[in-house]
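>>> Next come a sequence and a model predicted from it.
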Amino acid sequence: MGLSRLKASVLFLVVGLVILFAGCVEPEKVEVKKPSAVEETKTTSIPTPTSTPTPTPTSAPRGTLNNPASLGETVVVKIADKTLEIKISDVIRGDKAYKLIKNANMFNPDPKQGYEYLLVKVKFAYTEGEGSYYVSSYNFKAYVGGAGYSPVWVILPKDKPEFEGVDLIPGGQTEGWIVFEVPQGKETLIAYEYLFEPVCFISVGK
């Protein structure tokens, strides 16, 4: 009986140690690694297209070819040290102009085929500068479709005095009518020219 009891005690002790060690050993932990931002989602960055703003066109100065002045509007012109002011205050053309010219003198010629008379009343002032300044009707030209037409000579009615050549000093001005022969019913620009080059434009319609 003593031996059997001893075996039983040893067996009980072994089982107790096994249970004790089993309780002290922690189970192996399995770590789940969260994917990094790069591994988690791979995206391609598409640059947002940037639209280049359309430049706002700058208006051409008033009285230029691309922005002519209007009837009754004064255009200021700078030539060297001189300041000039030019205005067209009235326009007569077509049948009315023809009758007016023919009534003024029966020997005034008829316009050629497809053309008509155009009368413009011009006011010219020399406002600032040094010395005198000469101006005449031949400083002006009528432009139609890109072609320039010089003044024509006719006898005008007494109530329509012609724009005569004159020397002006600062503060001086002159006014009168200039006659052109231009294509019928076409948009017309009157240009003031300096040294045979137009320096300002005024629209007189068609």
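Structure received. Residues are numbered from 1 along each chain as shown.
>>> Residue 105 reaches residue 153, doesn't it?
No - counting by CB atoms under 8 Å, residue 153 is not a contact partner of residue 105; they are 11.3 Å apart. Heads up, the C-betas are built off the backbone N, CA and C, glycines and all.
>>> number of nearby residues for the closest residue to residue 76 other than its chain neighbours?
The shortest distance from residue 76 to any non-neighbouring residue, by CB to CB, 6 or more residues apart in numbering, is to residue 85 (5.7 Å). Look at residue 85: counted by other CB atoms under 10 Å, it has 15 neighbours.
>>> Report pLDDT for residue 85.
The model reports residue 85 with a pLDDT of 98.
>>> can you pull out the helices in the chain?
2-24, 37-40, 95-104 (DSSP state H).
>>> So which bits of the last one are buried?
So that's helix 95-104. Buried residues in helix 95-104, counting neighbours by 16 or more other CB atoms under 10 Å, are found at 97, 98, 100, 101, 104.
>>> got any ranges where this protein has weak pLDDT?
The chain contains residues with pLDDT under 70 at 1-58.
>>> tell me the contacts of residue 151?
Neighbouring residues of residue 151 by CB atoms under 8 Å, 6 or more residues apart in numbering: 137, 138, 140, 141, 178, 179, 180.
>>> Filter those residues down to the buried ones and hand me the PyMOL line.
To isolate the buried ones among the contacts of residue 151 in PyMOL, judged by 16+ other CB under 10 Å, type:
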select buried, resi 137+140+141+178+179+180
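>>> In strands, which of the contacts of residue 151 fall?
140, 141, 178, 179, 180 (DSSP state E).
>>> wait, the second one sits on residue 147?
No - under the contact definition of CB under 8 Å, residue 141 does not touch residue 147, with a separation of 9.7 Å.
>>> can you list the contacts of residue 151 in CSV and add distance to residue 195?
Listed next are these as CSV, based on distance: CB to CB, whole Å:
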residue, distance to residue 195
137, 17
138, 12
140, 14
141, 13
178, 19
179, 23
180, 21
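>>> Tell me the one of the contacts of residue 151 nearest residue 60?
Proximity of those to residue 60 (CB to CB) peaks at residue 141, which lies at 19.6 Å.
>>> And for that closest one, nearest residue in space, chain neighbours not counted?
Nearest one to residue 141, counting by CB to CB, 6+ apart, is residue 148 at 4.4 Å.
>>> go on, residue 119?
Excluding the flanking residues, the one nearest residue 119 by CB to CB, 6+ apart is residue 92, at 4.3 Å.
>>> Near the one you found, how many other residues are there?
By other CB under 10 Å, the residues close to residue 92 number 18.
>>> how far away is it from residue 86?
Using CB to CB, to the nearest Å, residue 92 is found at 19 Å from residue 86.
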